[in-house]
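Peer 1: Would you be able to build a 3D model of this:
(4 chains)
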2 protein chains.
Amino acid sequence: MTTDSDTPWLTDQEQCAWRTHLDVSRLLMHQLERDLQPFGLTNNDYEILVNLSEAEDRRLRMSDLAASTLQSKSRLSHQITRMENAGLVRRESCESDRRGLYAVLTDEGWDTMRRVAPHHVASVRKHFIDLFAAEDLQALRTSLAPVAAHLRKERGGL
Amino acid sequence: MTTDSDTPWLTDQEQCAWRTHLDVSRLLMHQLERDLQPFGLTNNDYEILVNLSEAEDRRLRMSDLAASTLQSKSRLSHQITRMENAGLVRRESCESDRRGLYAVLTDEGWDTMRRVAPHHVASVRKHFIDLFAAEDLQALRTSLAPVAAHLRKERGGL
DNA sequence: CCCAATTAATTCATTATTCAACTTTTACGG
DNA sequence: CCGTAAAAGTTGAATAATGAATTAATTGGG
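Peer 2: Predicted structure coming up:
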């Protein structure tokens, strides 16, 4: 049988590491959201802008954008609709596959990105990056990378 | 004036660390959510259960519970309403301060907690804790703790 | 002792997320 | 080629989160 005493409970150290990670995740997202608010953007908006502005021709297929932002297609579809209404993005149909659509950054979206990015970077530095010693940040990266890889494999289709 | 070249953009290393942290946060929450689904609980439900089950008399004031779960009072209020409907929790009025309410774990909530906790711990181990070398987990904890502290100070009232 | 300010918590309206159902187009096995 | 399966994306209804406004009780200075 399976009893309580079989359960490999977390040690105090592990508990603490875990809780700290959780707290940082949540608090950090909240803080970044707040820092973006004056510009009328959410974290989600911003991430879409980043992905599109880095992409070839400032456009990406809906599916690819959903994959790279780790969202469901449905959620992305709603998200893009909102951003389209805000004038940041537009949909364009894809010639090679008539099922497909591109999300394309508008000029306004591009300008918004250029204007907001410096502030966002400052925010990320202030509340995260600059709080680590350089070697700690490296350690973080190298120890987190396998976790990310594991989790990516674990999730089949979002 | 402030130009683009004044902006202290993230280095490649920093970018990578940052993105990895973001991805891990999101993928991990998703995975844990999926692992809790068979038990009919969400991450939020579970966290409330943990907090209440560790508390004196298995009860906490709404405000304290909101603070320790880093949620707004409004959100917590809705959350507790849902959990009350699910029979996991009940509200009890507070004698010493008639404005106040306790969220109290029901017997069903307690049983649910005891039943689900081992599976949740296993999930946390599988997708996070056990993916680190012991010394890396320590490093994570010590480098993340100041970040958590910083963020807690930064946010005034949620 | 009283009134203004604060605190506890909820409510309501708006916005966002989820999940399943649906449409259209493409791919592919026989 | 034909028909069935898979893929791209959207839609709509249900559920959840947010934020401002509200109610009710407490505190504390004059």
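
Peer 1: Retrieve the pLDDT associated with residue A:112.
Peer 2: pLDDT recorded at residue A:112 is 98.

Peer 1: would it count as being in a helix?
Peer 2: Yes: assessed with DSSP: H, G, I helix; E, B strand; the rest coil, residue A:112 lies in a helix.

Peer 1: Could you work out the end-to-end span of stretch A:68-77 for me?
Peer 2: For stretch A:68-77, the first-to-last residue distance is 14 Å (C-alpha to C-alpha, to the nearest Å).

Peer 1: What of stretch A:52-71?
Peer 2: 15 Å.

Peer 1: quick check, that stretch touching DNA strand D?
Peer 2: Yes: Stretch A:52-71 comes into contact with DNA strand D (C-beta under 7 Å from any atom of the strand), by way of A:61-64, A:66. No exception for glycine: its C-beta is placed from N, CA and C like everyone else's.

Peer 1: What residues does chain A have near DNA strand C?
Peer 2: Proximity of chain A to DNA strand C, by C-beta under 7 Å from any atom of the strand, involves residues A:42, A:44, A:71-72, A:74-75, A:78-79, A:82, A:97-99.

Peer 1: do that again at 6 Å, thanks
Peer 2: Chain A comes close to DNA strand C at residues A:44, A:72, A:74-75, A:78-79, A:82, A:97-99, as judged by C-beta under 6 Å from any atom of the strand.

Peer 1: Farthest-apart pair in those residues, please.
Peer 2: A:44 and A:98 (28.0 Å; C-beta to C-beta).

Peer 1: which one of those two has more residues nearby?
Peer 2: Counted by other C-beta atoms under 10 Å in any protein chain shown, residue A:44 and residue A:98 do not tie: residue A:44 has more neighbours, with 17 against 8.

Peer 1: The more buried one: what's it in contact with?
Peer 2: A:69, A:79 (C-beta atoms under 8 Å, 6 or more residues apart in numbering or on different chains).

Peer 1: per-residue confidence at it?
Peer 2: Listed pLDDT for residue A:44 reads 98.

Peer 1: where does chain A dip in pLDDT?
Peer 2: A:1-3, A:157-158 (pLDDT under 70).

Peer 1: still on that earlier bit, so which of the residues of stretch A:52-71 next to DNA strand D are in helices?
Peer 2: Among the residues of stretch A:52-71 next to DNA strand D, the residues falling in helices (DSSP state H) are A:62-64, A:66.

Peer 1: quick one: which of these has the most company?
Peer 2: In terms of neighbour count, residue A:66 stands highest of those at 21 neighbours, by other C-beta under 10 Å.

Peer 1: unless I'm mixing things up, residue A:35 is touching residue A:121, no?
Peer 2: No: here residue A:35 lies out of contact with residue A:121, judged by C-beta atoms under 8 Å, at a distance of 10.6 Å.

Peer 1: still on that earlier bit, and the ones in helices among the residues of stretch A:52-71 next to DNA strand D, which is closest to DNA strand C?
Peer 2: Closest to DNA strand C out of those is residue A:66 (10.7 Å), distances taken as C-beta to the nearest atom of the strand.

Peer 1: picking up where we left off before, just the buried residues from the residues of chain A next to DNA strand C, in PyMOL please.
Peer 2: Buried subset of those, written as a PyMOL selection, criterion 16 or more other C-beta atoms under 10 Å in any protein chain shown:
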select buried, chain A and resi 44+79
